[in-house]
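Trainee: Quick one, structure for this:
(2 chains)
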Amino acid sequence: MKKIGFLINPIAGMGGAVGLKGTDGKLSEATVRGAVPQAENRAKITLQALKNKQNLIFLSPSGRMGEDALKETVRERIQVVSHPVNDSTAQDTKIAAQRFIEEGVDLILFCGGDGTARDIFDVVGRNVPILGIPAGVKMYSGVFAIDPATAAELVSGDENVVLRDSEVMDVDEDAYRAGELKTHLYGIARVPSLEGKTQFSKQIFEEADEDRAKEEIGRFIEEVMLPDTLYILGAGTTTEFIARSVGVRKTLLGVDVIKNRKIVAQDADEKTLLYLIEKEKDVRIIVSPIGAQGFILGRGNQQISSQVVSHVGIKKIIVVATPHKLRETPVLYVDSGDPVLDREFGDSVQVISGYRIAQRKKIHQP
Amino acid sequence: MQTKILLDEEQIPKKWYNVQADLKSPLDPPLHPKTQKPIGPADLSAIFPMELIRQEVTTDRHIDIPEDVRDVLRLWRPSPLYRAHRLEKFLKTPAKIYYKWEGVSPAGSHKPNTAVPQAYYNMKAGVERIATETGAGQWGSALAFATMLYDLECTIYMVRSSYTQKPYRKSMMRVWGAECIPSPSTKTNAGRAMLEKDPDTPGSLGMAISEAVEDAASHSNTNYALGSVLNHVCLHQTVIGLECREQLAMVDEYPDVVIGCVGGGSNFAGISFPFAGDKLTGKHKDVDIIGVEPASCPTLTKGLFTYDLADEAGYTPLLKMFTLGHDFVPPAMHAGGLRYHGDSPIVSRLVNDGVMRAVAYHQSEVFDAAQTFARTEGIIVAPETSHAVKSAIDEALACKKTGETKTILFNCSGHGNFDMSAYDAYYAKELVDYEYPDELIKESLARIPKIS
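Mentor: Numbers count the residues shown, from 1 in each chain, chains lettered A, B, ... in the order given. Reported below is the predicted structural model:
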C-alpha cells in the first residue's frame, strides 16, 4: 500500500483569471470580481485517473481541501487527517502537511500554485517527495506535473518513476502585482519524475541517474578550473556538486564565491559580489537554469545582477545543467533586469551537461 | 539526363592506392605504449597477420589486390556513382553534385571493402578466429560477413549504447555466424576494470577496442581486426575514390570538392586519398577535400595533433593523430560510428598539412539534410553519412550564392535502414545538439592527453 497525502488549495488560480496575479490575501476581491474556484476541477482529473488503483490510500484534510473531491472520485480508501478552519489559508495547508508527516505518507500530492508548494515545503522539506497538480496563478517552481493527467501517471507510476531534485520558488506577490517579478530559490524539493519517457533510448544511459550527471559536470568543471581565478557559483544542486568536486562546501540556495579551491564568500549578495570582482583580473560565473521555465539569470540568482554580469562579461558565464533538466526545458530564458544585456546572450548558449560534453540550447529572445 | 555512372566488373581496381608514397615526409611512427619508442613489426605480429603489417608501413604507391579478394568484391563492386539531379534541382544550385553509393554492399556500407581483405589475409596466415569491436554495428556486421566467407570464427565487442539501440545490427552478425557481446563486458580484464569503475557506462569505441585487442592477444589462434583508423584499412577503402575518378572521367568531370564523414576516417580516406594524391603530386592542386565530423566529437576541428592512445585501456600503440584524449567518452548521439576520440594518422597528417580541411555540424542540422536527401534522391542514409550530405548541400548552396558551377563529390557511405529510431527521434524533436566545450578545455591544461 502506498500512502498519498492529498490536499487542494481550493482558491488557487482564482486571482489569475480576474487579473489579480495571485490569490493570497485577495480572495474576497477575486470573488467580487467574479472568480470561480477551479482547483478542485483540476484535481478531480488526476483523482479520476487514480480511482481504480487499489494500492493507494488517500489521506487528506476535510471538506473542500481534499475530502470532497476524493469522495466524488476515488470514493474509498480515504482517511481524513485534519480539519481546516478557513480552508484556504497557509496555516491550514501547513497543519495538513504536518499531519501527513505524522502519518508517514509516501508522497504529498497537492493542487495549487507556487504559494501552496512553498507552504508544504516549509513543513516537509526534503523528507517527503511532493508533486503539484498545476492550478495556481504562478508556477515558477519545478514541482508541478505538466498537466493533471501526467500527475496521475507519476503517482501510480511503477518502476519508471524516479525522484529528482526540483526547485521551490518564492515569488514576492506584492512586487509581482506591481509588475516586477522577484523570485527567490526557496528550497530544493524531491519530486517524482518519469524515467525515459522517450522510446529512443540513446540518451537513457546518461540520463538514468541525475546524481551521476551532476558528478560528471562537477568532474569536468573541476578539471578546467583555472588557478587565481574567481568563480561565482549560482544557486542549486548542480553548482553544489561542482563545489563538492573542488572540495568545498557550498550553500544550496545561495550564491557562493571560490578561488583556488577555497571559499571566499558564502551566500553573497550583489554588493559583496561587486566588491569582490572589483579587484580581480579574471572572474567566471557558473550558473544553472532555475525553476520550471529554465532561467539562466533572473530567478533565484538575482544577486548575480546585470551589473555583476556586465563587469565580468557575458563570455565568462559558464552554464551547467543535467541532461534531464535540459530535456524538460527546451528553451532557456535570461532576465537579468537589463534587456540590452539579455539580448547580448544571442539566440543560443552552450550548456555543460557532462564530462567534456555540452549541448547547444536556444535562448528565448522576445 | 544520365543519373547512374556504372563501371564493368572488370574495372574493379586491381591495385589499392597508397597515399603514403606521396607524402612529402614519412608519417611519424607509432610508439610503444610502455617504452614510447617506435614499434616494429614484431610488436604487432601477435594480433595482425604479416601482410597487413607490411601494408601498414609500406610507402609503395600501389599494392596489388588479390584476385580472390576482387572476386568477392564483385558481389557489389564497382558501386554506382550517381548524379544528384533531383537534389540539385531542389536546391536550385548551379553546382553539380555526385555521390558514390556504398550502401549496395551486403552489410549496407563501405565497411566490407576492408573486412574482406582483412579476413582473407588472416585466413592465409592460418588464423582461426578474429576479435574486433564495433560502434554502431556497421563494421561488426561487415566483418561477420567477411569472416563467414573464409570460415573464420568471429567475436565482436559492440559498444553497449549501440548494442541496446540497434538490435538489428546484432541480428545481422548472428545471421553471418558471428558472436556479438556488449562492451564493456566481463570477458576481459579491461572490460571488468571499466565496469568496476562505472557499472552504468554507455561504453565507447575506445573501450571496445581494448577488449578486442586483449581477447586477440590472449588467444593464440585469434587475431584482431580494426574497421577504421589504421593505414591498411584506409588503403583498402581507396577502391572507392579510384572508381569515382574513373566514373567521373567517363562524363568528363573532375571534382572541385570531395567530401566524406569522419569517425576513424576510413570512408573519408577511401573517397579522398586518390584525389589527395593528385593534389600532393600537383596534378590537381585546387581540389578542396572536406572531412565532416559531429560537433559533439570534433576531433579534427577542435582536437590536438599529438601522440595519443588508440584505445581506452592503453593496449594499442600511441598514434600521432588529432585527438580529444583517449579518456574522452563522446556523448551517445545517433551517429555512433563517428564517436571516436582520435582519427586516422594519415587523415590527421593531411589535415595538419592543409591538404584537407574539416568542418563540424550539430546533430539536428545533419538530420535536416538527411531528410532533404531522402525526399529528393530517395535514399535514407545512415546518421553518419548524413554529415557528408549536410556538407555537400552547404557547398552547393554556397555555389548558389556565388554562381559557381563546382563539381561536388561526396561519399554516400551507408544506408540508414537500421537507424529508423534515430529518424523517429528527429521527428519527435528529441535530438540533442551536443557539442564539445573546446574553449573551456583549451584554456586549461586538460586537453593534453594523459598517457598512463
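
Trainee: Show me how chain A divides into domains.
Mentor: A:2-194, A:202-363 (automatic domain parsing).

Trainee: Chain B is nearest to which of these?
Mentor: Closest approach to chain B among the domains of chain A (Cβ to the nearest Cβ): domain A:202-363, 3.8 Å. All C-beta spots, glycine's among them, are computed from the backbone N, C-alpha and C.

Trainee: need the helix or strand of the chain with the lowest average pLDDT.
Mentor: You didn't say which chain, so I picked chain A. Each helix and strand of chain A was given a mean pLDDT (mean pLDDT, DSSP states H and E); the minimum falls on helix A:204-207 at a mean of 42.

Trainee: that's the wrong chain, I wanted chain B
Mentor: Result, chain B / mean pLDDT, DSSP H and E: helix B:160-165, a mean of 84.

Trainee: what's it in contact with?
Mentor: A:201-202, A:205, B:134-137, B:169-170, B:180, B:182-184, B:201-203, B:332, B:336, B:421 (Cβ atoms under 8 Å, 6 or more residues apart in numbering or on different chains).

Trainee: and the next element down the chain from that helix?
Mentor: helix B:167-175 (DSSP states H and E).

Trainee: List the buried residues of that next one.
Mentor: B:R169, B:K170, B:M172, B:M173 (16 or more other Cβ atoms under 10 Å in any protein chain shown).

Trainee: Could you report the distance from the third one to B:A107?
Mentor: Remark: distance between B:M172 and B:A107 (Cβ to Cβ, to the nearest Å) = 7 Å.

Trainee: Quick check: neighbours shared by these two?
Mentor: By Cβ under 8 Å, 6+ apart, the residues touching both B:M172 and B:A107 are B:S141.

Trainee: Who are the contact partners of residue 130?
Mentor: Went with chain A since none was named. A:L107, A:I108, A:L109, A:F110, A:A117, A:I120, A:F121, A:V124, A:V143, A:A189, A:R190, A:V191.

Trainee: you looked at the wrong chain, it should be chain B
Mentor: Counting by Cβ under 8 Å, 6+ apart, B:I130 has contacts B:118-119, B:122, B:143, B:147, B:152-155, B:216, B:222-225.

Trainee: again, only using 10 Å
Mentor: B:47, B:115, B:118-119, B:122-123, B:143-144, B:146-147, B:150, B:152-156, B:178, B:212, B:215-216, B:222-225 (Cβ atoms under 10 Å, 6 or more residues apart in numbering or on different chains).

Trainee: Keep only those of the residues you listed that are in helices.
Mentor: Under the assignment DSSP state H, these contribute B:A115, B:Q118, B:A119, B:N122, B:M123, B:L143, B:A144, B:A146, B:T147, B:A212, B:D215, B:A216 to helices.

Trainee: Can you tell me the centre-most residue of the chain?
Mentor: Defaulting to chain A. A:E167 (2.4 Å; Cα atoms, centre = their mean).

Trainee: wait, I meant chain B there
Mentor: Centre-nearest of chain B using Cα atoms, centre = their mean is B:S266, 3.5 Å out.

Trainee: Next one: it from chain A, what distance?
Mentor: 23 Å (Cβ to the nearest Cβ, to the nearest Å).

Trainee: That residue touches B:K111, doesn't it?
Mentor: Yes. Using Cβ atoms under 10 Å, B:S266 makes contact with B:K111 at a distance of 8.0 Å.

Trainee: Is B:F410 in contact with B:E377, as I believe?
Mentor: No. Counting by Cβ under 10 Å, B:F410 sits too far from B:E377 to count as a contact (11.6 Å).

Trainee: Serialize the buried residues of helix B:167-175 to a markdown table and add fields for distance to chain A.
Mentor: A markdown table is the format used below for those (distance: Cβ to the nearest Cβ, whole Å):
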| residue | distance to chain A |
| --- | --- |
| B:R169 | 14 |
| B:K170 | 15 |
| B:M172 | 20 |
| B:M173 | 20 |
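
Trainee: I'd like to know which of those residues is nearest to A:N55.
Mentor: Nearest to A:N55 out of the buried residues of helix B:167-175 is B:K170 (Cβ to Cβ; 37.7 Å).

Trainee: returning to that earlier point: using CSV, please lay out the ones in helices among the contacts of B:I130 together with pLDDT, neighbour count and distance to chain A.
Mentor: CSV is the format used below for the ones in helices among the contacts of B:I130 (pLDDT from 0 to 100; neighbours: other Cβ atoms under 10 Å in any protein chain shown; distance: Cβ to the nearest Cβ, whole Å):
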residue, pLDDT, neighbour count, distance to chain A
B:A115, 98, 31, 26
B:Q118, 98, 31, 29
B:A119, 98, 29, 31
B:N122, 98, 25, 33
B:M123, 98, 19, 36
B:L143, 98, 33, 24
B:A144, 98, 30, 23
B:A146, 98, 31, 28
B:T147, 98, 28, 29
B:A212, 96, 29, 21
B:D215, 96, 25, 24
B:A216, 96, 24, 27
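
Trainee: B:K320 and chain A: what is the separation?
Mentor: Taking Cβ to the nearest Cβ as the measure, B:K320 falls 22 Å from chain A.

Trainee: Run a quick neighbour tally on that residue.
Mentor: Other residues near B:K320 number 18, with proximity taken as other Cβ atoms under 10 Å in any protein chain shown.

Trainee: quick one: the closest residue to the residue nearest to the centre of chain A other than its chain neighbours from B:R61, how far?
Mentor: Excluding its sequence neighbours, the residue lying closest to A:E167 (Cβ to Cβ, 6 or more residues apart in numbering or on different chains) is A:G142, at 4.8 Å. Distance of A:G142 to B:R61, given as Cβ to Cβ: 64 Å.

Trainee: Look at those two and report which has more neighbours.
Mentor: Between A:G142 and B:R61, A:G142 has the larger neighbour count (other Cβ under 10 Å), namely 26 against 15.

Trainee: what's the helix or strand for the more buried one?
Mentor: Going by DSSP H and E, A:G142 is not in any helix or strand.

Trainee: I'd say it and A:Y186 touch.
Mentor: No. A:G142 lies out of contact with A:Y186 (Cβ under 10 Å); the separation is 11.4 Å.

Trainee: Quick check: neighbours shared by the two?
Mentor: A:A117, A:E167, A:V168, A:M169.

Trainee: OK, contacts around the last one?
Mentor: So the one you mean is A:M169. A:114, A:117-118, A:138-143, A:183-187, A:290-293, A:295, A:299-300.

Trainee: where does it fall, phi/psi-wise?
Mentor: Torsion angles at A:M169 (phi, psi; degrees, to the nearest 10) stand at phi -100, psi 150.

Trainee: Report pLDDT for it.
Mentor: Note on A:M169: pLDDT of 87.

Trainee: Also the first one?
Mentor: At A:A117 the predicted local confidence, pLDDT, stands at 94.

Trainee: any idea how far A:D122 is from A:G187?
Mentor: A:D122 is 8 Å from A:G187, by Cβ to Cβ.

Trainee: can you check B:S45 too?
Mentor: Distance from B:S45 to A:G187, by Cβ to Cβ: 64 Å.

Trainee: who's in contact with B:R77?
Mentor: Taking Cβ under 10 Å, 6+ apart, one finds B:7, B:9, B:11-13, B:70, B:102, B:104-105, B:112-113, B:239-240, B:243 in contact with B:R77.

Trainee: So for stretch A:191-202, mean pLDDT?
Mentor: Rounded mean pLDDT across stretch A:191-202 is 54.

Trainee: Which strand or helix spans the closest residue to B:T114 other than its chain neighbours?
Mentor: The shortest distance from B:T114 to any non-neighbouring residue, by Cβ to Cβ, 6+ apart, is to B:H236 (3.7 Å). When elements are assigned from DSSP H and E, B:H236 belongs to helix B:231-237.

Trainee: All set now, cheers.
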